[in-house]
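Novice: Requesting a structural model of the entry that follows:
(one chain, ligands or ions: 1)
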Amino acid sequence: MDEIQMQPFMLFPALISLFLLWFITRSFIKPGGKNNLPPSPPKLPILGNLNALNSLPHQYLHSLAKKHGPLMLLQLGAIPTLIVSSADAAREMMRTHDLDFSHRYAFRVQAKLLYNYKDLALSPYGEFWRQLKSIFVLKLLSNKMVQSFHSIREEETSILIKRIREHIPSGGSVNLRDMLPQFTNYVVGRSACGRNYNGKRFWVLLKELSELMGAVGIPDFFPWLSWITRLNGLDKKVDRFVKRMDDFLEGMIKERLQTRKEQAHVLEGNRDNFLDILLDIYEGNTGDVSMDKDGIKAMLLNVFLAGVDSTSTVMEWVMTELLRHPTVMEKLQNEIRRIVKDEQDVKDEDIQKMHYLKAVIKETLRYHPPIPLILRIQGNNDVKIKGYDVRAGTLVMINAWAIGRDPASWDEPEKFQPERFLNSSIDFKGLDFELIPFGGGRRGCPGIAFSAATIEFVLANLLHKFNWELPDGAQGQDLDMTERLMGTLHRDIPLMAVATPIK
Ligand code: HEM
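Specialist: All right, here's what the predicted structure looks like:
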């Protein structure tokens, strides 16, 4: 999340408006009334707790929760915001009161970039959202589809391995921050569009899109100050970008519609990518739901935004933790090599037997969830959570990062110990609220199977084919683990590692 954007020459009128509003609310409106509201940390005048939205808000909110408890009510400008930092409270919200918390909070720029709620991730809970979710779950990302993408995972993994091998003659040092997102971009791109649109233009557009998705402006917290983003140029910048992205997507759709017309006999019944499935719905061939072109574009952007960075970030964190914990790396390599034996290639059936690999991935997701704060908004009803009153319309931030480090749920949470998952049924599918990197309840992530299959397959291959160490004889404990939030939560410094081929 970017810090708030504002030009200095606009500060004065903005501050006057804010001061007047603060004065009026302070004088005439008594907060809370008879309600039993969750504890609130001290607030700044006017801004409330907006200082919480610094460059690493999940960490700051975690430290606040240690003082004020797992449910806190913050005031982000004009927006009352509930911060949830324990598995118990998350369970009560996402299971007992799931329906009440099934709306998504969208910042203004995000909504504009995603065709004003025509996508799945931002659309408000209701019939339209239900239709989109069923398209995602039953058609685009069903287990059958995920299996059918096996050849894409295989081909793209071979290309990645080839690229790593090309570095061997010059010492084998590779920048995993560069390579892994490229790999996931190709896998997601081919699954989504049937072929790669990864010319430089689309890559640059996607990068710009991720950056703009983090643009949080003053009007998001003080809605009556919406004129500020008109004056400071943000609205114009976003509008120009939306037009460029729309032109690109329009071209992609046009081209695909043309190919479908020309090769109808070849493509008949062969719908092995998201774009074709969405175009079938658009052309009315499926009969169940309807979708316009903007809907297709918004759904494709959801897939790229949600799928590329999050998946590659997990891979980079896994490799980081393995380099920090050589005994875990060795144990994992032994498992992989015992199962794959002398075969050249890792197969999907092999992966199902790799319990330690799955434990390492779970432990990484516990400690480094790529989306540390899950944003929801409470619907129309006031509800009670853990005895506290939560009012309708409250913004909710579920701190998945804090929950994964909560000593109430985890023994020695600061230690990286994949063994904790070996004899445990805890999984990240949204039913165990101490581990919610993919969220949970109705709004939970539909891409779990897709990402898990991709992450497991590529890691099994990287560890089967190479030994890994840090460059220049550095030791694992030397690795700087500072985090950086850039859409997803990365290590601040890109991971460089030296690959040595096994044979
Ligand atoms: C490691 C990879 C991923 C992580 C950590 C992740 C995490 C998340 C989280 C935390 C949410 C919010 C859930 C909630 O509110 O409870 C979410 C929603 C979503 N994710 Fe993922 N995701 C990943 C991969 C993917 C992939 C590969 C796709 C699609 C190809 C995807 C598509 C979506 C969509 C469309 C939503 C919105 C669902 C809704 O609002 O109903 N994600 N994801």
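
Novice: Which helix or strand lies directly C-terminal to the helix or strand of the chain with the lowest mean pLDDT?
Specialist: Every helix and strand of the chain was ranked by mean pLDDT, DSSP states H and E. The lowest is helix 11-28, at a mean of 48. Counting by DSSP states H and E, the next helix or strand C-terminal to helix 11-28 is helix 57-68.

Novice: Packing partners of that following helix?
Specialist: The contact analysis (3 or more Cβ pairs under 8 Å, 6 or more residues apart in numbering; DSSP states H and E) places helix 57-68 against strand 71-76, strand 79-84, strand 373-377, strand 395-399, helix 400-403, strand 483-486. Placement of C-beta: from N, CA and C, glycine included.

Novice: could I get these as TSV with mean pLDDT and mean neighbour count?
Specialist: Shown next, in TSV, are the helices and strands packed on helix 57-68 (pLDDT from 0 to 100; neighbours: other Cβ atoms under 10 Å):
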stretch	mean pLDDT	mean neighbour count
strand 71-76	98	22
strand 79-84	97	25
strand 373-377	96	22
strand 395-399	97	24
helix 400-403	98	27
strand 483-486	94	16
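
Novice: Distance to Ile218 added to these, as JSON lines?
Specialist: Listed next are the helices and strands packed on helix 57-68 as JSON lines, based on distance: least, Cβ to Cβ, whole Å:
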{"stretch": "strand 71-76", "distance to Ile218": "11"}
{"stretch": "strand 79-84", "distance to Ile218": "12"}
{"stretch": "strand 373-377", "distance to Ile218": "18"}
{"stretch": "strand 395-399", "distance to Ile218": "16"}
{"stretch": "helix 400-403", "distance to Ile218": "26"}
{"stretch": "strand 483-486", "distance to Ile218": "20"}
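
Novice: Tell me which of those lies nearest to the ligand.
Specialist: Among these, the nearest to the ligand by Cβ to the nearest ligand atom is strand 373-377 (4.7 Å).

Novice: how about the helices and strands packed on helix 57-68 in CSV, adding distance to the ligand?
Specialist: CSV is the format used below for the helices and strands packed on helix 57-68 (distance: least, Cβ to the nearest ligand atom, whole Å):
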stretch, distance to the ligand
strand 71-76, 17
strand 79-84, 11
strand 373-377, 5
strand 395-399, 7
helix 400-403, 7
strand 483-486, 14
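
Novice: quick one: which of the ones you listed is nearest Arg165?
Specialist: Ranking the helices and strands packed on helix 57-68 by proximity to Arg165 (Cβ to Cβ) places strand 483-486 first, at 29.0 Å.

Novice: List the strands paired with the closest one, with their directions.
Specialist: Paired with strand 483-486 in the same sheet, following DSSP bridges, are strand 488-491 (antiparallel).

Novice: quick one: average pLDDT of stretch 141-153?
Specialist: Mean per-residue pLDDT for stretch 141-153: 94.

Novice: Kindly check the end-to-end length of that stretch for me.
Specialist: Terminal residues of stretch 141-153 lie 15 Å apart, using Cα to Cα, to the nearest Å.

Novice: Touching, Ile281 and Ile135? I think so.
Specialist: Yes - taking contacts as Cβ atoms under 8 Å, Ile281 lies within contact range of Ile135: 6.9 Å.

Novice: list the residues that contact both of these two?
Specialist: Val289, Met291 (Cβ atoms under 8 Å, 6 or more residues apart in numbering).

Novice: For the stretch 101-250 of the chain, which residues are neighbours of the ligand?
Specialist: Applying Cβ under 6 Å from any ligand atom, we find that the stretch 101-250 of the chain lies next to the ligand at Arg104, Leu120, Ala121, Lys133, Phe136.

Novice: Just give the closest residue to the second one, not the sequence neighbours.
Specialist: Nearest-residue entry for Leu120: Leu132, 4.3 Å, with adjacent residues in sequence omitted and distances by Cβ to Cβ, 6 or more residues apart in numbering.

Novice: Equivalent analysis for the third one, please.
Specialist: For Ala121, the nearest residue in space outside its immediate sequence neighbours is Asn302; the separation is 5.3 Å by Cβ to Cβ, 6+ apart.

Novice: residues in contact with the one you found?
Specialist: Neighbours of Asn302 in contact, by Cβ under 8 Å, 6+ apart: Leu114, Asp119, Leu120, Ala121.

Novice: Just give me the closest of those residues to Lys207.
Specialist: Of the contacts of Asn302, the one sitting nearest to Lys207 (Cβ to Cβ) turns out to be Leu114, at 16.4 Å.

Novice: burial count for the closest one?
Specialist: 25 (other Cβ atoms under 10 Å).

Novice: My guess is it contacts Met299. True?
Specialist: No - checked against Cβ under 8 Å, the pair Leu114 and Met299 is beyond contact range at 9.4 Å.

Novice: can you pull the contacts of Gln71?
Specialist: Quick fix: residue 71 reads Leu, not Gln. Pro38, Pro39, Leu82, Ile83, Val84, Ser85, Ser86, Ala89, Ile385, Lys386, Tyr388.

Novice: beta partners of the closest residue in space to the fifth one that isn't next to it in sequence?
Specialist: Same thing as Val84. Distances taken as Cβ to Cβ, 6+ apart place Ile398 nearest to Val84, at 4.5 Å, with adjacent residues excluded. On the basis of DSSP bridges, Ile398 is bridged to Val84, Ile374.

Novice: Hmm, Ile436 and Ile398 touching each other?
Specialist: Yes - contact status for Ile398 versus Ile436: in contact at 7.2 Å, counting by Cβ under 8 Å.

Novice: any shared contact partners between these two?
Specialist: Counting by Cβ under 8 Å, 6+ apart, the residues touching both Ile398 and Ile436 are Ala90, Met94, Ile374.

Novice: Name the nearest of those residues relative to Arg256.
Specialist: For the shared contacts of Ile398 and Ile436, the residue nearest Arg256 by Cβ to Cβ is Ile374; the value is 33.2 Å.

Novice: List the contacts of the closest one.
Specialist: Met397, Ile398, Ala400, Ile436, Gly439.

Novice: what's near enough to touch the second one?
Specialist: Spelled out, it's Ile398. Residues in contact with Ile398, defined by Cβ under 8 Å, 6+ apart, are Val84, Ala90, Met93, Met94, Leu373, Ile374, Arg376, Ile436, Gly439.

Novice: For the last one, list the residues it contacts.
Specialist: Just to be clear, that refers to Gly439. Gly439 is in contact with Met94, Ile371, Ile374, Ile398, Ala400, Gly430, Cys445, counting by Cβ under 8 Å, 6+ apart.
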